[in-house]
Structures are given as structure tokens and as C-alpha cells.
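> coords please:
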Amino acid sequence: MTGTALVVRSDNAGDVLLAGPAVRAVAARARRVVLLTGPQGRAAGELLPGVDEVLEWDVPWISADPPPATEEHTARLVGAVRAAAPAQALILTSFHQSPLPMALLLRMAGVPRVAAISGDYPGSLLDVRHVVDETVDVPEAERMLGLVRAAGFEPPPGDDGALAVRRPLPPVDRLTGPPGYVVLHPGATAPARAWPAEHCARAVEALARAGHRVVVTGARGERHLTARVAGDDARDLGGATTFAELAAVLAGARAVVVANTGPAHLAAAVGTPVVSLFAPVVPATRWAPYRVPSVLLGDQNAPCRASRARVCPVPGHPCLSSVTPEHVLGAVHGLTAAGQRVR
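Residues are numbered from 1 along each chain as shown. Below is the predicted model:
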């Protein structure tokens, strides 16, 4: 058993949820786990089993709307890490991110042992440099778990390696009615990954006509979108839930229709089947819903493939506009008819 371990996983809620299996492996051998994440990942971090404390710091080289990389901003991180006094740190990154700027700041904070995946020469910044073949697409959850294993943290016996959240989740029947509905989540953190709003609205109508109760979810800033998509055929929960309540809403669903965005991974973490509207700007092998029954829709060979674009670079957004509401209805029927759930 080691002392305090600092696990770093910046970026958005989905990235943090995908780090869950790695966090549990660290927690099995550390007396205390502190998770360092950004503002968009904090709520997800607070739901991860094994996390004792969450530190929040907006990372200037990762955030989509980055803060200035000032001495004052970096001093806040160094001070918070010194106060946590970790015996070691594990920097979890996506395949396209460098851990070395964070490793430098952690060294400045006095962290004695730092581990990360790095294809670049790290000098004295890393004690455990885990090198992987990035030309091979591996699910992000497994890539992060591979790092913590290399650092000496094996998953505990009986851990199935799937995504998970803390239980119990808050009651949400007042918002959704009884379990057994279909959730459609029309928003996405990057416009290039979103299914067109008019397609979402038509899918809600088709699902309702087919006899499904439909719930539309979204963040507070997406209320105009969710109202438009829900229309008169669905319950509109845009801006109505906390992150934990959203997890509970997804847990009560028979299936979730969602793009490659945080709620797709949250649905996987509560064991709900996913109809994944997946734009190929990043590889589906790495980012598709993990270890949960799913149907992947979207042209994975479209011209935007592997571009990592946040705004679609191809006129007409063909990778997802080619997906019809009828395709979604068929996928929902396939998943719900089988009654597939993993937990």
C-alpha cells in the first residue's frame, strides 16, 4: 500500500469517465487518491469510484478555451499539489496529448515520482516512461490502464475493467417518470460531432410514433436546442439536471441516442446501451462507448476522418447528415428488443 497518489486526467467529462478503470487500479494500492482535472471534468471526477478528492485546474495547453499560462495561474496548481503531498503522480493523456508540461509543473511542486505515456524524450521529468505504439488504435480506457499497470498498479481482483460511477444515484422519477424510456441527447462539445438538430427532432417524432417514451437531455446552455428537438413528443430536461442526476436519467433508459460526447461515456458507465452517432474526426476504436452494447452510426470513412476537427471541414457534414431518423429507430429497436444491459 502506497501513500497519496495523484491521478491527472484533464479535458472533458468523457475523458475523465474513461479514466475510471485506471483510477480504480490506483485506488486499490494507494491509501488516498487525488484526481486533478479541469473545470469540465470535475463533476465526472466526483462520480468516479476510488477518488477521495478532486483538484480543479484549467490546463492552458489542453482546454478548448484556454486560460493565459501566467505565473499566477501555474502557482495555483503548484500550491495545490504541494498541499496534497502525493508520493507519486500518474499523468493520463489522450494519444495526441503530451504529458511533459504537466510533468514539469509536478516536479516544481515536489512530486518525487511521475509516470506517463510519452513518445518524446522526457529527460528527468518522468520516472516511469511508458511507450506505446500510437499507430495502433486502442480504446482510451485500456491505454490509460496500461500506464498505471506499468507504474505498478494492477486492477483489484474482480474488477471487470468497465466504466463505472458511484452509487446510489439520486432519484429522478420526478423528471422522467418510471424507467423504460429512450434518451436522445442532441448536443456535443464540438459541433463536428453533433447530429443535425432537424434530424434529432425527426428522430424524436419517429420514436414517439413507434411507442417509445422519449426524454431529451442537455446542458443549461443547450436549452434552446433541447426544446426544439423535444417538441411536443418528448420530455425536455435541457438544463434540468446535475451531472449525477443526468447519470441517473441515463441509468433509467432502455437506450441512449447520443453523439461522441460525455453523456455517451456516462451511459456506458451506468450500463445503458448506446446508439452512437459517431463522427470519424477521431477513431471510433479509441472513443466509441466502452464495454456496453452499442450500435455505431455514421460514415467512418468520410473525408473528415482522423482530422480531429472541432468544426466540420466538409460542406454538408456528410458523415452524420447521412444518418437518418429511420436508421436510429432501427438501432434503438435492435438494442431494446434484445434487452441488453451490462449492469
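
> Tell me where this protein is predicted with low confidence.
Low-confidence segments of the chain, defined by pLDDT under 70, are located at 338-343.

> how's it carved up into domains?
Partitioning the chain according to automatic domain parsing yields domains covering residues 2-150, 173-337.

> Tell me which stretches of this structure form strands.
Counting by DSSP state E, the chain forms strands over residues 2-9, 30-37, 53-56, 88-92, 114-117, 128-130, 181-185, 214-218, 235-238, 253-259, 274-277, 294-297, given from the N-terminal end onward.

> mind putting the ones you listed in CSV, distance to residue 65 and mean neighbour count included?
C-beta here means a position set from N, CA and C on the backbone, and glycine is covered the same way. Below are the strands of the chain laid out as CSV (distance: least, CB to CB, whole Å; neighbours: other CB atoms under 10 Å):
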stretch, distance to residue 65, mean neighbour count
strand 2-9, 19, 22
strand 30-37, 16, 23
strand 53-56, 15, 17
strand 88-92, 21, 28
strand 114-117, 24, 26
strand 128-130, 30, 18
strand 181-185, 22, 27
strand 214-218, 19, 27
strand 235-238, 21, 20
strand 253-259, 20, 27
strand 274-277, 24, 28
strand 294-297, 29, 20
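
> would you list those in a markdown table and tack on distance to residue 100?
Converted to a markdown table, the strands of the chain look like this (distance: least, CB to CB, whole Å):
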| stretch | distance to residue 100 |
| --- | --- |
| strand 2-9 | 12 |
| strand 30-37 | 16 |
| strand 53-56 | 20 |
| strand 88-92 | 9 |
| strand 114-117 | 8 |
| strand 128-130 | 10 |
| strand 181-185 | 35 |
| strand 214-218 | 36 |
| strand 235-238 | 39 |
| strand 253-259 | 31 |
| strand 274-277 | 32 |
| strand 294-297 | 34 |
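
> Of the ones you listed, which is nearest residue 156?
Checking these against residue 156 by CB to CB gives strand 30-37 as the closest, at 11.6 Å.

> of all the domains of the chain, which lies closest to residue 159?
Each of the domains of the chain was scored for nearness to residue 159 using CB to CB, and the closest is domain 2-150 (5.8 Å).

> correct me, but residue 217 touches residue 237?
Yes: when contacts are counted by CB atoms under 8 Å, residue 217 is listed as touching residue 237 (5.0 Å).

> okay, and the common contacts of those two?
When contacts are counted by CB atoms under 8 Å, 6 or more residues apart in numbering, residue 217 and residue 237 have 226, 249 as shared neighbours.

> what are the ranges of the helices in the stretch 201-343 of the chain?
For the stretch 201-343 of the chain, the helices defined by DSSP state H, counting those that start in this stretch cover 223-230, 243-251, 262-269, 284-287, 318-321, 325-337.

> Out of the ones you listed, the one nearest residue 14 is which?
Among those, helix 262-269 comes nearest to residue 14, with 4.1 Å by CB to CB.

> circling back: who wins for proximity to residue 224 among the strands of the chain?
When the strands of the chain are compared by CB to CB, strand 235-238 sits nearest residue 224, at 8.0 Å.

> other SSEs contacting the closest one?
helix 173-176, strand 214-218, helix 223-230 (3 or more CB pairs under 8 Å, 6 or more residues apart in numbering; DSSP states H and E).

> hmm, try it at 7 Å
Using 3 or more CB pairs under 7 Å, 6 or more residues apart in numbering; DSSP states H and E as the contact criterion, the neighbours of strand 235-238 among helices and strands are strand 214-218, helix 223-230.
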